[in-house]
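K.L.:
sequence and predicted structure, then a few things I'm wondering about:
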Amino acid sequence: MLKLMARVLLPLTMLLSCGQVIAASAVNTQDPYQMIEQAAKKTFARFDADQSKIKADPNHLKIIIEQELLPYIDYKYAAYKVLGKYLNKTTKAQRAAFAQAFRGYLVSTYASAFTAYTHQKVSFAPAKKFDDEKFVNVAVQVIEAGRPPIKLSFKVRRLMTGKRKDKKPRVGDQWKAIDLVAEGISLLQSKQSEIGGLVQKEGIESVINMLNERAKASVEAQKASSK
């Protein structure tokens, strides 16, 4: 499973090599296409600026992920999707604890993926109309000389906040990423398969403890696949 996670997440580190400095206030969370591109560039700019800190302590990558990337990920929604059919079998307190543990696990996992950063070219697909959409797939291609392009897709969710009787999208709604699909592998589906089995065998409390332990682990380098 760790190798599977590396296959899914390592292309993300390539995506973040766009290399243009973007101020935090410039990320447009009302446009899913702009949000993905701008958040990626902003995160990499911080990564580039903090190289000395990262070399001194690779765990500094966790801070970068927390501050620059996580604000644009709906980790609570993702955590609930990972629990799947077991969600309704948990208490409110257990769901909250699981979401927080999953958040920490995501930070640690993405931080480890950043250690494999290399300079690839990235192509963002043209934006499509999303006025009436509740979910949008933002397509990206990672291009490296001598290798086939890596196809990525970020699934982004419209946050339907506030009371609305018609339950229809509105101009100004915010968006957040909920899943990354790389080479046909969905991060959410892969974790749902793994964690769902563990919840069934060991119980939700054990899984929460496991995720918390993984979140505390020191950042270790991941190596890109030679394929």
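P.N.:
Arrived safely, thanks for sending. Model, not experiment: these values are computed from the prediction.

K.L.:
check contacts around residue 104.
P.N.:
By C-beta atoms under 8 Å, 6 or more residues apart in numbering, the contact set of residue 104 is 211, 212, 215, 216. Any C-beta I mention is one placed from the backbone N, CA and C, and that applies to glycine too.

K.L.:
next SSE after the helix or strand harbouring it?
P.N.:
Residue 104 belongs to helix 92-114 when assigned by DSSP states H and E. Once the chain leaves helix 92-114, the next helix or strand it forms, by DSSP H and E, is strand 121-124.

K.L.:
who does the helix or strand that comes right after that following strand pair up with?
P.N.:
Sequence-wise, the next helix or strand downstream of strand 121-124 (DSSP H and E) is strand 135-143. Here strand 135-143 has these sheet partners by DSSP bridges: strand 121-124 (antiparallel), strand 150-159 (antiparallel).

K.L.:
quick one: contacts of strand 135-143?
P.N.:
11, 14-15, 32-33, 36, 120-125, 128, 130, 149-158, 175.

K.L.:
ok, 7 Å please
P.N.:
The contact list for strand 135-143, computed with C-beta atoms under 7 Å, 6 or more residues apart in numbering, reads 11, 14-15, 32-33, 36, 120-125, 130, 149-157.

K.L.:
ok, stretch 77-93 next?
P.N.:
Stretch 77-93 is contacted from outside by 95, 98-99, 102, 157, 178-179, 188, 191-192, 195-196, 199, 204, using C-beta under 7 Å, 6+ apart.

K.L.:
got any ranges where this structure has weak pLDDT?
P.N.:
1-25, 116-120, 164-166, 221-227 (pLDDT under 70).

K.L.:
go again using 80 as the cut-off
P.N.:
Scanning the chain with the threshold set as pLDDT under 80 gives 1-26, 40, 44, 113-122, 142-147, 150, 161-168, 183, 220-227.

K.L.:
what about the helices in it?
P.N.:
For the chain, the helices defined by DSSP state H occupy 2-15, 32-49, 51-56, 60-64, 75-83, 92-114, 187-202, 204-216.

K.L.:
save the ones you listed as TSV, and put in distance to residue 168 too.
P.N.:
TSV is the format used below for these (distance: least, C-beta to C-beta, whole Å):
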stretch	distance to residue 168
helix 2-15	32
helix 32-49	17
helix 51-56	44
helix 60-64	37
helix 75-83	19
helix 92-114	27
helix 187-202	26
helix 204-216	35
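
K.L.:
the strands paired with strand 135-143: which one's closest to residue 107?
P.N.:
Across those, residue 107 has its closest neighbour in strand 150-159 (17.5 Å, C-beta to C-beta).

K.L.:
with just CA atoms, put that closest one into PDB.
P.N.:
Extracted C-alpha coordinates of strand 150-159, given in PDB (Å, rounded to 0.1, in the frame of the first residue of the first chain):
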ATOM      1  CA  ILE A 150       1.400  11.500 -16.600                       C
ATOM      2  CA  LYS A 151      -2.300  12.200 -16.500                       C
ATOM      3  CA  LEU A 152      -3.700  13.700 -13.200                       C
ATOM      4  CA  SER A 153      -7.100  14.800 -12.200                       C
ATOM      5  CA  PHE A 154      -8.000  16.800  -9.200                       C
ATOM      6  CA  LYS A 155     -11.600  16.300  -8.100                       C
ATOM      7  CA  VAL A 156     -12.900  19.600  -6.600                       C
ATOM      8  CA  ARG A 157     -16.100  20.100  -4.600                       C
ATOM      9  CA  ARG A 158     -18.300  23.200  -4.400                       C
ATOM     10  CA  LEU A 159     -19.000  24.100  -0.800                       C
END
